[in-house]
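Asker: Build me a model:
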Amino acid sequence: MAYWLEHSLGIAPQISGFGTPNPPTAPASTDADYRWIQGEKPKLTLTTEQQELDLMTGQVGAAPERLPGRRHGAITFQMPIEGLKSGYDPTAEDPGDSGVIPPWFALLANVLGSQMGASVDTAAKFWNGLHASFSQYTAGVGAASGTIAGCTSTLIRVFSAVESNKHDGGQLVVAATTATDTAPQFGWLKTKSGQDLTLFEATTNTAAAADDLYGSANAWLSAVNSSQMPVTMAYVGEATEAAIILEDCICNGVKLSGNSGEVATIEFSFEFFNYYHDETNGGLVVPAAFARVPQLVGNNNSRATIGGNSTCGLGSWSLEYSATVTPIACHASTQGISAVRISKPRIAVSMTIPWQTGAAVFDSAGGASTTGQYYWQSRYERGVRDSIGLYVGSTVGRLFALLLPSALQSAAPQFTDLEGAEGYTLTFEAGSYTGDTSDTAETAANSPLDSIARFAIA
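Answerer: Numbering: from 1, shown residues only. Down below sits the predicted model:
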């Protein structure tokens, strides 16, 4: 007799939508629709609803029968942020090619909506990230293409408008001398005009003339957030009999942790609306290999920004996406649920920051003063918005960035003890934003242009 001690988690999109699961074929490890997660052991909760009626049993001390209802549950799994595939060749492959982006990024783009639509009609297209937004590689050969003289920390100048048109507004732009350059310039495209790609905020590094431009994959919170495609999951162990299939899985939460000195991690929380055991689809699966995004330290071009300024002292840094998932009842549907309604998507960032001398105090009109409210309290009371950014990456293939271009404090700063020092806990939410511009035809429907929250790997 063997026991279930090891674990693998596979995921497949339900192309036909809610109520049409995509269960694995035996063995699950060979099903081309499935991708396998390189993460921690999931936290799985299997729930069967139960009606509690105090039925008369006719005998003293006899427990009444319980009446089982529908099956559903929840699963949460966490993984380190991965970059592009192991062995990625940016001169021959683009981020949207088969097998280049990691599964977590395709899942995130699905959860956020991005440009999810009818064009994502196969599992292969889902995992290639057809619902994300991609920029293209451009080689720099002298002054013939790529970047030219005049680049600054907020401007990447390219050879011609033809080169700039390989990027859409709101995408992450990456310039580097080679794919192994450890000082790439990467930042968010705010204004595209002719040869000039103006960035949202200053970068750590600056491109040189004839640098190459490298492709990026971009996901963003969009108006089609409510069109999230359900997925089917296979939670399996080492034995053939060890498999639980989770159907109609809908993500209701994502948490990204980004503390200084640590590797950034991402955690997905899903609800599912049916499950069953399958004794033919067990067996462990080795996930595909992807480059690991490195730890958040300066040697890896890491920085956290608030209001466009690289900000030190930040602790307990996390970003969370949440949404309300409301089941739609139907007597004729599996487990009595025919669909779900996804509403009220929100993205929030929280962090701590120490009190420091030299921080401004403001009066009620926002003027500098020796008495009044501390910097963060004043900005909260005056409704001042700040951008929130996080960047890290050593080389092409291992870059990650996120941006909330217009975040507002969602609660008053809380005075907090930070291991003996005084400080504040700050909470922000992504607010409305319309500051991006482009001289080409991309829109908020098919690109990250004007998105309130965006994420990218390159």
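Asker: and for the helix ranked longest in the chain, what are the contacting residues?
Answerer: Looking across the chain with DSSP state H, the single longest helix is helix 103-112. When contacts are defined by Cβ atoms under 8 Å, 6 or more residues apart in numbering, helix 103-112 is touched by residues 11, 13, 35-37, 79, 81-82, 116, 126-129, 131-132, 217, 219-222, 225, 228-229, 231, 251, 254, 266, 268, 321, 345, 453, 455, 457. Just so you know, the C-beta spots here come from the backbone N, C-alpha and C atoms, and that holds for glycine as well.
Asker: Grab the most central residue of the chain for me.
Answerer: The centroid of the chain falls nearest to Leu108 when counting by Cα atoms, centre = their mean (4.5 Å).
Asker: give the contact list for Ala176.
Answerer: Applying Cβ under 8 Å, 6+ apart, the residues near Ala176 are Ala183, Pro184, Gln185, Ala207, Asp211, Asp212, Tyr214, Thr395, Val396.
Asker: Would you confirm that the first one belongs to a helix?
Answerer: No - secondary structure of Ala183 (DSSP: H, G, I helix; E, B strand; the rest coil): coil, not part of a helix.
Asker: any idea how far it lies from Ile342?
Answerer: 41 Å (Cβ to Cβ, to the nearest Å).
Asker: How about Gly146?
Answerer: For Gly146, the distance to Ile342 - Cβ to Cβ - is 41 Å.
Asker: More neighbours: these two, which one.
Answerer: Neighbour count, other Cβ atoms under 10 Å: between Gly146 and Ile342, Gly146 has more, with 22 against 18.
Asker: I'd say that one and Gln136 touch.
Answerer: No - look at Gly146 against Gln136 with Cβ atoms under 8 Å: they stay out of range, at 11.8 Å.
Asker: which residues are in contact with both of these two?
Answerer: By Cβ under 8 Å, 6+ apart, Gly146 and Gln136 have these common neighbours: Leu213.
Asker: Now do the buried residues in stretch 376-384.
Answerer: Neighbour counts using 16 or more other Cβ atoms under 10 Å place Trp376, Gln377, Ser378, Arg379, Tyr380 of stretch 376-384 among the buried residues.
Asker: pretty sure the first one is in contact with Thr425, am I right?
Answerer: Pointing back at Trp376 there. No - using Cβ under 8 Å, Trp376 is not in contact with Thr425; the gap is 9.8 Å.
Asker: overlap in contacts of those two?
Answerer: By Cβ under 8 Å, 6+ apart, the residues touching both Trp376 and Thr425 are Pro413.
Asker: The closest residue to Pro184 other than its chain neighbours pairs with what?
Answerer: Nearest residue to Pro184 in three dimensions, chain neighbours excluded: Ala176, at 3.8 Å (Cβ to Cβ, 6 or more residues apart in numbering). Beta bridges link Ala176 to Asp212 when assigned by DSSP bridges.
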